[in-house]
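Visitor: Turn this into a structure:
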Amino acid sequence: ILGYCVQAMRRLEELHVSFNAMGDRGAAAISHSLSVCFHEDCRGVRCLGMKDVSLGPMAAKFLQQPLSLPLSSLDLSWNPLSDAAMAEMARGLAGSPPTLRALYLDSTDMGAGGLMRLVESLRGLSTLALLSLSDNNIGFAGAQALHSVLPSLPSLQDLRLHANGIGEGLCRELDRTSGPSLSVQCD
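Guide: Presented below is the predicted three-dimensional model:
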C-alpha cells in the first residue's frame, strides 16, 4: 500500500520509513514506486530514511533503483546488509548522480570486504559531506581502503567511524592526513 501511495505523491521530497519491519519485500515495493514516480517526471524524493527496517542482504539489489535518483541523503543504518549487499550497493552508487550529501551505513554488518567494494563507488560522489560507518567491523584493512579514497571526496566534512576496530593510531593518522576541513570521529 505504501508503494502505491508513494507513486501518487508527486511532490514528495522526503520519505522516512525507519523503524518499520518492512523487510526486503517492502524495500522492493518502495524501490519500484520511487523509480516509477521519478520516470514519470515527479519532483522526486531527495531524502530516503530506511533505518532499522529489517532489510537483509537481498534488499541492496532492490535499492539500486533509488540510488539512481538524485538523492541528497540516504540512511540504511541498523539493517543487517552484510558485505555481499555492499557489493550491490556499490554498483548502484557507481551509477548514481553526484548529488548525495549524506550516507549513513551504521550497524550494517559491514566488514573490510564490504567497505573495499564500496570505496570505489564513493569516488564519484563529489558532493558527499557526511559518511557515517560506525558500529561495523571494517578493521585496519577497511580503514586503509577508505583512506585511499578520501582525496577524491573534496566535500567530505564528517567521517564517522566509531566502534570499527581500527585502533586509535590509525584513527589519528586518518584525521591527520585528511586535511583541516574533514573531521574524523572514531574510538
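Visitor: Is the residue nearest the centre of the chain in a helix, a strand, or coil?
Guide: Centroid check for the chain by Cα atoms, centre = their mean gives Leu103 as the closest residue, at 4.1 Å. Secondary structure, DSSP: H, G, I helix; E, B strand; the rest coil: Leu103 is strand.
Visitor: beta partners for it?
Guide: Beta-bridge pairing for Leu103 (DSSP bridges): Leu74, Leu131.
Visitor: Could you measure from it over to Ser31?
Guide: Going from Leu103 to Ser31 by Cβ to Cβ, to the nearest Å gives 17 Å. Just so you know, the C-beta spots here come from the backbone N, C-alpha and C atoms, and that holds for glycine as well.
Visitor: Gly92 too?
Guide: 10 Å.
Visitor: Residues touching the helix or strand hosting Gly92, excluding its own?
Guide: Secondary structure assignment for Gly92, by DSSP states H and E: helix 82-94. Helix 82-94 has contacts (Cβ atoms under 8 Å, 6 or more residues apart in numbering) with 56-61, 63-68, 81, 100, 108-111, 113-115, 117-118, 120-122, 124-125.
Visitor: rerun at 6 Å
Guide: 57, 60-61, 64, 67, 109-111, 113-114, 117-118, 121 (Cβ atoms under 6 Å, 6 or more residues apart in numbering).
Visitor: Which of these sits closest to Leu48?
Guide: Leu48 has its nearest neighbour among the contacts of helix 82-94 in Leu67, at 9.3 Å by Cβ to Cβ.
Visitor: what comes up buried for the helix or strand hosting Ala143?
Guide: Here Ala143 sits within helix 139-149, counting by DSSP H and E. Neighbour-count burial for helix 139-149, counted by 16 or more other Cβ atoms under 10 Å, picks out Gly139, Gly142, Ala143, Gln144, Ala145, Leu146, His147, Val149.
Visitor: helices or strands next to the next helix or strand after it in the packing?
Guide: Using DSSP H and E, the next helix or strand after helix 139-149 towards the C-terminus is strand 158-160. Where contact means 3 or more Cβ pairs under 6 Å, 6 or more residues apart in numbering; DSSP states H and E, strand 158-160 is packed against strand 130-132, strand 183-185.
Visitor: Lowest average pLDDT across those?
Guide: Note on those: lowest mean pLDDT is at strand 183-185, with a mean of 92.
Visitor: who's more crowded, Gly92 and Ser31?
Guide: The residue with more neighbours, out of Gly92 and Ser31, is Ser31; 22 against 18, by other Cβ atoms under 10 Å.
Visitor: So the more buried one is in contact with Phe62, correct?
Guide: Yes: contact criterion Cβ atoms under 6 Å: Ser31 and Phe62 qualify, at 4.4 Å.
Visitor: so where's the protein uncertain?
Guide: Applying pLDDT under 70 to the chain flags residues 1-11, 35-44, 60, 65.
Visitor: Turn the buried residues of helix 139-149 into a markdown table, including distance to Gln157.
Guide: Below are the buried residues of helix 139-149 laid out as a markdown table (distance: Cβ to Cβ, whole Å):
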| residue | distance to Gln157 |
| --- | --- |
| Gly139 | 24 |
| Gly142 | 21 |
| Ala143 | 18 |
| Gln144 | 21 |
| Ala145 | 20 |
| Leu146 | 15 |
| His147 | 16 |
| Val149 | 15 |
